[in-house]
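Novice: Provided below are the primary sequence and the corresponding predicted coordinates.
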Amino acid sequence: MTVPMAILAFLDSGPTHGFVLKRRYDELLGHGRELKYGQVYSTLARLERDGLAGGVGLEHGDGADRKVYAITPAGASELDTWLGSPHVPSGRPSELFTKVVLALVAGRSADSVLDIQRRAYLARMRELTAARRDGDVVDRLAADYEIAHLEADLRWIELAGTRLETLAQEVRGSAATTNDGEEPR
């Protein structure tokens with residue numbers, strides 16, 4: 001999720017200033033990753049520079065005047081394009097995949113790597129399940145999303161566990177070929 005797209009989405013519901021944008025982001029998406037005010041205003045400056053948002057006035061208050069921003073037609077189009085583009089993961093899997101392969105390369109126990117990760121995932125799932133009871137609908141949906149990903153990762157851990165011997169042989173075979181001076185596979 002990109003901060004510029006979040007800001008454009010918030011501006012799409014109506015003009016506002018950076019303080020409100022930060023607060024909305026933190027309430028809906030921040031949870032543990034709140035935005036800094038500097039990040040909000042530097043993002044607004046880039047959006048304005050790129051013609052995706054623009055200043056439309058000042059809001060007077062008790063303190064300093066606040067610049068009010070609005071999304072532009074180009075910004076709305078950019079938001080629509082981003083929302084309509086699917087997110088498809090690509091490349092090698094996460095760090096866990098790399099740890100399993102490198103544990104085997106280093107002659108260490110890949111089983112223990114998988115066991116440690118399994119315990120961490122199960123603990124996180126328990127935390128999320130407990131937090132779902134107290135959260136609002138956004139918190140519950142975010143927890144459901146994370147739980148679904150953890151469940152998929154746990155299925156992968158089980159699958160990887162059944163293939164460790166074959167993978168270890170492959171890794172050892174690759175190392176032997178490399179040590180013989182031939183091209184690795």
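Specialist: Perfect, I can see it now. Numbers count the residues shown, from 1 in each chain.
Novice: surely Lys10 meets His17?
Specialist: Actually, residue 10 is Phe rather than Lys. No: counting by C-beta atoms under 8 Å, Phe10 sits too far from His17 to count as a contact (10.9 Å). Using the backbone N, CA and C atoms, a C-beta is placed for each residue, glycine as well.
Novice: which parts of this protein are strands?
Specialist: Applying DSSP state E to the chain gives strands spanning 16-17, 53-59, 66-71.
Novice: can you redo these as TSV with distance to Leu35 and mean pLDDT?
Specialist: Formatted as TSV, the strands of the chain follow (distance: least, C-beta to C-beta, whole Å; pLDDT from 0 to 100):
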stretch	distance to Leu35	mean pLDDT
strand 16-17	14	91
strand 53-59	16	88
strand 66-71	15	92
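Novice: ok now the longest helix that the chain contains, how far from the chain's centre?
Specialist: For the chain, the helix with the greatest residue count under DSSP state H is helix 137-179. Put simply, helix 137-179 sits 18 Å off its chain's centre (C-alpha atoms, centre = their mean, to the nearest Å).
Novice: same thing with stretch 70-85?
Specialist: 21 Å.
Novice: what do you get for stretch 129-146?
Specialist: 17 Å.
Novice: again, but for stretch 113-121
Specialist: The answer for stretch 113-121 is 20 Å, by C-alpha atoms, centre = their mean.
Novice: which residues does that stretch contact?
Specialist: 96, 99-100, 103, 150, 153-154, 157, 160-161, 164 (C-beta atoms under 8 Å, 6 or more residues apart in numbering).
Novice: for stretch 11-26, buried residues please.
Specialist: 11, 15-18, 20-25 (16 or more other C-beta atoms under 10 Å).
Novice: between the two ends of that stretch, how far is it?
Specialist: Criterion C-alpha to C-alpha, to the nearest Å; first-to-last residue distance in stretch 11-26 is 15 Å.
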